[in-house]
Structure formats: C-alpha cells, structure tokens
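Engineer: Output the structure for:
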Amino acid sequence: MSASEIESQCNSGMDKAVAYLSEELRGIRTGQATPGLVDHIKIEVPSYGSTMNLRDLATISVPDPTTIMIKAFDPGTIKDIERGLQSSDLGITPMSDGKIIRLPIPPLSGERRGQLATQVKKMGEAQKISVRNVRRDMNKRIDADKKDAKLSEDEADDAKDSVQKITKHHEDEIDKQVAAKTKEIQET
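Structural biologist: Next up is the predicted model:
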C-alpha cells in the first residue's frame, strides 16, 4: 500500500470519529431548545411494526428558545411519540393537546451544567481513543509494508510522520468541538 493510500485511509477513519462526536454532541441539552435534542430519539410504533427516529415521524420546530414543538405526520402516532419521549433519557415531560406535542426546556441548574460538561469531555476522550486506534492500525500497516519491502525505510518514516500529523489535526478538531459545546452549556 502506498503512503498516499495509507494517509487517505487514516483521514477517512479519523473523520468518522469526528463526525460521530458532532452527531452525539447535537443531542446534549444546553438549556436552549434545538431540534437536534430530540430528532434522533427512537420511537416504537406498533401500528407500523417498527422503531423509527422521531425525525421520520414528525416535523420538529422551535417556536421560541425554550420550547420544542413536534407535529406528527400521522396523527395516529401522537401517543406513540409521547410515550417514546417520556421513556427517553431527556428528562422532559411532553405536553400534548392531541395534535401537537410541546417540550418545555427548563433552564439548567449549575450542578447539571457541570454533569453535562463532564459528559461532553468523556465523549470527546472516547473519540480521541478512536482516532488513536486508527493511528495504531495505520502504523502497524506501515511496519508490515516496510517488512515486506513494499515501503522503503524513508517512505515508512515519512508515512508515520504524516499519520501523526493527521492524528494531531483530528485530536485538535475534537478538542475544539468539546470546548465549544462546554462553553455553550456553561453560558445558556
């Protein structure tokens, strides 16, 4: 495998870790209403015979900064959506009028802000570990290619340096996302 192919695979694997973290951070509550808080919640819909994401069952909007409004595409799924929201780990009780579900987002307490900030840091560290695992795998591949004479000593060293730079870039990206989300949690 050439050095450019190794770099490409390394970037691809590490990009997935960063993208996963971005998706996970969208679901962290900050005291301000956002559709990302609920759109990924799985809802059991017995009439459809399956479990679906909330975003596939309803329109999610934010009429004001402290309320999420959910309007089901099929009015027959309102009770299922309400049940799914109550059983989720959001900690918010949905209010339904039979047509629309409203989720009032209460302000976060200082203690809860600290818990969320800690959770965000743990999520970031988990993705850094994923990035480092990709680095380890790429370095093993480089060593194997060097041993099989597919890469020269200099090419192998250059490839390892490149993998390290890519790793550093992705770790910095994760740190930026964690810092931004932590700041958002502390300020709202």
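Engineer: Report the secondary structure state of the one residue sitting closest to the centre of the chain.
Structural biologist: Computing the C-alpha centroid of the chain and ranking residues by CA atoms, centre = their mean puts residue 24 first, at 2.0 Å. Classification of residue 24 using DSSP: H, G, I helix; E, B strand; the rest coil returns helix.
Engineer: From residue 181, how far off is it?
Structural biologist: Per CB to CB, to the nearest Å, residue 24 is found 10 Å from residue 181. The way it works is simple: take the backbone N, C-alpha and C, and place the C-beta from them, glycine included.
Engineer: sorry, back to before: just to check, the residue nearest to the centre of the chain is in contact with residue 124?
Structural biologist: No. In this structure residue 24 lies outside contact range of residue 124 using CB atoms under 8 Å: 9.5 Å.
Engineer: got the domain boundaries for the chain?
Structural biologist: Per automatic domain parsing, the domain ranges recorded for the chain read 3-26+109-187, 35-104.
Engineer: Lowest average confidence across these, which one?
Structural biologist: Lowest mean pLDDT of these: domain 35-104, a mean of 85.
Engineer: For the protein, list the residue farthest from the centre, please.
Structural biologist: Centroid-distance maximum for the chain: residue 149 at 40.1 Å, with CA atoms, centre = their mean.
Engineer: What separation is there between that one and residue 155?
Structural biologist: Counting by CB to CB, the gap between residue 149 and residue 155 amounts to 11 Å.
Engineer: Residue 128 too?
Structural biologist: 27 Å.
Engineer: between those two, which one's more packed in?
Structural biologist: residue 128 (19 against 16; other CB atoms under 10 Å).
Engineer: what's the nearest residue to residue 47 if we skip its chain neighbours?
Structural biologist: residue 76 (6.2 Å; CB to CB, 6 or more residues apart in numbering).
Engineer: buried set for the stretch of helix or strand residue 112 belongs to?
Structural biologist: According to DSSP states H and E, residue 112 maps onto helix 110-147. Of the residues in helix 110-147, 113, 116-117, 120, 123-124, 127-128, 130-131, 134-135, 138-139, 141-142, 145-146 count as buried by neighbour count, 16 or more other CB atoms under 10 Å.
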